[in-house]
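Q: Kindly return the folded structure for what I paste below:
(2 chains)
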Number of protein chains: 2
Amino acid sequence: MSDTRPIGVFDSGLGGLTVVRELQRVMPGEKIVYLGDTARFPYGGRSEEVIGEFAHQAGSFLYKHDIKLMIVACNTASSVGLDSLKRHTREHPVIGVVLPGARASVLRTAEKKIGVIGTRATVRSEAYNRAILKLDSEIRVYGKPCPLFAPLVEEGLLDSEITRMTAQHYLYELVDKGIDCLILGCTHYPLLMEVIQATVGTRVQLIDTALWTAKEAQDILVALDSLNDGGDDGLAGSSFFVTDLTPGFRERAEAFLGAELTSVKRVTIEELTDAAGD
Amino acid sequence: MSDTRPIGVFDSGLGGLTVVRELQRVMPGEKIVYLGDTARFPYGGRSEEVIGEFAHQAGSFLYKHDIKLMIVACNTASSVGLDSLKRHTREHPVIGVVLPGARASVLRTAEKKIGVIGTRATVRSEAYNRAILKLDSEIRVYGKPCPLFAPLVEEGLLDSEITRMTAQHYLYELVDKGIDCLILGCTHYPLLMEVIQATVGTRVQLIDTALWTAKEAQDILVALDSLNDGGDDGLAGSSFFVTDLTPGFRERAEAFLGAELTSVKRVTIEELTDAAGD
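A: The predicted model follows:
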């Protein structure tokens, strides 16, 4: 049976389009309804309460589009807002990026020492730590918030001395702990892959959560017999919503997506809060 | 006649408390109602449309507190959202930080070359340029967005090699233009005063807009005969509202305010949009 309903993807901004890119690679026939909360990006410094509220509003909006699966592509919202979202979702399946990233890292660490970098809220939540320790209680997890990485990516400083110095400032202490696996716990960080790899050295494996989340989505849809078998042009039938058409958003979005954006519409914060109030 | 009504101060976050600090210095008897939109901070990368909407919501909320004067302490909202706000304010006086900062710089430049640093939205709006050219059309204004400065302050890197290198990256081109005055067009930048001064050299005067905005507020209240003559403990009778009680907000707020915060309450985004809808 072919399930032609779309997959909903929610992110605090445009970085979640890296998850859409991986979804297209593994399941090119799937249509996407994407919501990027660009009017309130970034979430990383906000409280758990507010992140939970924003995630609930985003979920309510996406569920109105008859989605078959919801993916929280934002690491901060996955770490902090997923419970709030699940409380309101009833029968709908929801996945975040934390569990897939945790699983991939547990399979790869030999030293049983894993580093996690992300926003302040992601690291403070210890969501990755809990997920990893459930899989293997002997692993040691070292978290480090890197709040300057996302602004550096937004500024386009992917290969700059400022970025290299910032990476050293954040990452040397993780290297000193002897980690052999580093989870890139923010959708922006894969764009800094080269600087991060050069800083931590080649014996540390970097884990890009977007890829593993797309694979997990595929596993779930296969298990539920809900794949869309209708060809390979899912992107053409996809819809993209943002809460602010920020200047230059199209170029940045296409950098994350690796493809041309088709239709993009603005949805206002009022429409989101109304959706959540229904 | 003593007018005991409070002054409303609106900012995208906590940085606007530097304006409250200066207001207290020049008019210690004035009570303040402060609104910091910490759930949607920072505004600097957002579109004019969204900044205008947020400013309108904030204004609607503050006007419910029977304020006698509204100050937009946020440079981004002053540059981009002030018109939207004025359209909705009818009889209420509103001032931003742009005009006071522009006036102070025009009085100080000998070379008639002024630099302006701020967020992307502030610099793109050219609000400082227009204000300066109205006062003296011979002056040349050079704008430079510095989107990493606010995150560096939020990260506490006030005296770091990363910050010095970032300052050089942004500011050397302004020095090369021959400016002798530099407007710090963001509430966060005065905390980087030492690094900025060391980068541009001592022949460039730095203009802190918070101080000049407080003086302008005083001039207006004197002209309207609306000063509060009731003592010098205005801060004790003041109210502080934020849209998110972000982690560590109290320490950061008190660093900007230079005093202990009395009562702080959270107001939700829904309450703001409701206020604007009335």
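Q: Show me which residues of the stretch 151-278 of chain A are close to chain B?
A: The stretch 151-278 of chain A comes close to chain B at residues A:151-152, A:154-155, A:160-162, A:165-166, A:169, A:243-247, A:268-270, A:273, as judged by CB under 8 Å from any CB of the partner chain. Placement of C-beta: from N, CA and C, glycine included.
Q: What's the PyMOL line that selects buried ones from these?
A: To isolate the buried ones among those in PyMOL, judged by 16 or more other CB atoms under 10 Å in any protein chain shown, type:
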select buried, chain A and resi 151+152+154+155+160+162+165+166+169+243+244+245+246+269+270+273
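Q: any idea how far residue A:162 lies from residue B:163?
A: As judged by CB to CB, to the nearest Å, residue A:162 and residue B:163 stand 9 Å apart.
Q: And chain B, is whatever helix or strand residue A:78 lives in touching that?
A: Following DSSP states H and E, the helix or strand that holds residue A:78 is helix A:75-80. No. Residues of helix A:75-80 are not located near chain B by CB under 8 Å from any CB, the shortest gap being 11.2 Å.
Q: So which elements touch that helix?
A: With contacts defined as 3 or more CB pairs under 8 Å, 6 or more residues apart in numbering or on different chains; DSSP states H and E, helix A:75-80 has these neighbours: helix A:48-63, helix A:98-108, strand A:113-118, helix A:120-125, helix A:127-135.
Q: So which of these is nearest chain B?
A: Within the helices and strands packed on helix A:75-80, the stretch nearest chain B is helix A:48-63; the backing value is 4.4 Å (CB to the nearest CB).
Q: pLDDT (mean, whole number) over the closest one?
A: On average, the pLDDT along helix A:48-63 is 93.
Q: And the strands in the stretch 101-250 of chain A, which stretches?
A: Assigned by DSSP state E, counting those that start in this stretch, the strands in the stretch 101-250 of chain A fall at A:113-118, A:140-145, A:181-184, A:205-208, A:239-242.
Q: just to revisit the earlier point, which members of the residues of the stretch 151-278 of chain A next to chain B occur in helices, if any?
A: Among these, the members found in helices (DSSP state H) are A:151, A:152, A:154, A:161, A:162, A:165, A:166, A:169, A:269, A:270, A:273.
Q: will you turn those into CSV that also has pLDDT?
A: Formatted as CSV, these follow (pLDDT from 0 to 100):
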residue, pLDDT
A:151, 95
A:152, 96
A:154, 90
A:161, 97
A:162, 98
A:165, 98
A:166, 98
A:169, 97
A:269, 89
A:270, 87
A:273, 85
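Q: now these in CSV, with distance to residue B:145?
A: Listed next are these as CSV, based on distance: CB to CB, whole Å:
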residue, distance to residue B:145
A:151, 12
A:152, 14
A:154, 12
A:161, 20
A:162, 15
A:165, 21
A:166, 19
A:169, 23
A:269, 25
A:270, 29
A:273, 31
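Q: Give the lowest-confidence helix or strand of chain A, using mean pLDDT as the measure.
A: In chain A, the helix or strand scored least confidently by mean pLDDT, DSSP states H and E is helix A:82-87, which has a mean of 82.
Q: touching chain B at all, that one?
A: No. Judged by CB under 8 Å from any CB, helix A:82-87 and chain B are separated, with a smallest distance of 14.6 Å.
Q: Same question for that helix: list its buried residues.
A: Neighbour-count burial for helix A:82-87 flags A:82, A:84, A:85, A:86 (criterion: 16+ other CB under 10 Å).
Q: from the chain's centre, how far out does that helix sit?
A: Helix A:82-87 has its C-alpha centroid displaced from the chain centroid by 16 Å (CA atoms, centre = their mean, to the nearest Å).
Q: cool, and stretch A:100-120?
A: With CA atoms, centre = their mean as the basis, stretch A:100-120 stands 15 Å off its chain's centre.
Q: what do you get for stretch A:60-80?
A: The answer for stretch A:60-80 is 10 Å, by CA atoms, centre = their mean.
Q: hang on, the earlier thing: can you tell me which of the strands of the stretch 101-250 of chain A comes nearest to residue A:21?
A: Minimum separation from residue A:21 across those (CB to CB) falls at strand A:205-208, 10.9 Å.
Q: partners of that closest one, with directions?
A: Partners of strand A:205-208 in the sheet, by DSSP bridges, are strand A:181-184 (parallel).
Q: Show me the contact partners of the partner strand.
A: With contacts defined as CB atoms under 8 Å, 6 or more residues apart in numbering or on different chains, strand A:181-184 is touched by A:101-102, A:105, A:108-109, A:113-118, A:128, A:171, A:174, A:190, A:193, A:196, A:200, A:204-209.
Q: hang on, the earlier thing: just give me the closest of the buried residues of helix A:82-87 to residue B:11.
A: Set against residue B:11, the nearest of these by CB to CB is residue A:84 (27.6 Å).
Q: Which of the ones in helices among the residues of the stretch 151-278 of chain A next to chain B sits closest to residue B:179?
A: Nearest to residue B:179 among those, counting by CB to CB, is residue A:162 at 22.6 Å.
Q: The closest one touches residue A:152, doesn't it?
A: Yes. When contacts are counted by CB atoms under 8 Å, residue A:162 is listed as touching residue A:152 (7.2 Å).
Q: Mutual contacts of these two, please.
A: residue B:148.
Q: Just want the residue of the stretch 51-200 of chain A that's nearest chain B.
A: For the stretch 51-200 of chain A, CB to the nearest CB, closest residue to chain B: residue A:151, 4.5 Å.
Q: quick one: that residue and residue A:266, what's the gap?
A: In this view, residue A:151 and residue A:266 are 23 Å apart by CB to CB.
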